[in-house]
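requesting a structural model of the entry that follows:
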Amino acid sequence: QLVESGGGLVQTGGSLRLSCAASGFTFDDYAIGWFRQAPGKERERISCISTSGGNPSYADSVKGRFTISRNNAVNTVYLQMSSLKPEDTAVYYCAARSSMATSFDYWGQGTQVTVSS
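Got it, this is the predicted structure:
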């Protein structure tokens, strides 16, 4: 199970930190990705972090503004979002992918992020 939290309403230029808390599986064995989906748009993968926390990847749309991190001791992944723009408005989801898989096995329910102009 994955549970996202930390979403909300923020003004342009503001910051938010999303959390993704995991339970029910061996967290250390799973890479975690953050995705978002805005109304009328396709889901976009915006960041991913490996099992050890190394080699984070970012979509061009968020590179330099968002930072992904994980704390395996508390089974949680974070997404620090800064310099937020109205186009960042979306429902944000986290998902877990085992090291042997090519697709994500577990998904959270999502948290809404709204950036006002």
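
can you report how many residues neighbour Leu18?
Here the number of neighbours of Leu18 (other Cβ atoms under 10 Å) works out to 24. To be clear about C-beta, it is placed using only N, CA and C from the backbone, and glycine gets the same treatment.

doesn't Ser5 make contact with it?
Yes - using Cβ atoms under 8 Å, Leu18 is in contact with Ser5, at 7.2 Å.

which neighbours do those two share?
Common neighbours of Leu18 and Ser5, counting by Cβ atoms under 8 Å, 6 or more residues apart in numbering, are Thr111.

within the helices and strands, which one has the closest residue to Gln80 other than its chain neighbours?
Of all residues not flanking Gln80 in the chain, Thr67 sits nearest, at 4.5 Å (Cβ to Cβ, 6 or more residues apart in numbering). Per DSSP states H and E, Thr67 falls inside strand 66-71.

ok, and what's touching that strand?
32, 34, 46-49, 53, 56, 58, 76-82.

whichever of those residues end up buried, select them in ChimeraX.
Buried residues among these (16 or more other Cβ atoms under 10 Å), as a ChimeraX selection:
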select :32,34,46,47,48,49,58,76,77,78,79,81
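
just the contacts of strand 66-71: which are in strands?
Using DSSP state E to define strands, the subset of the contacts of strand 66-71 located there is 32, 34, 46-49, 58, 76-81.
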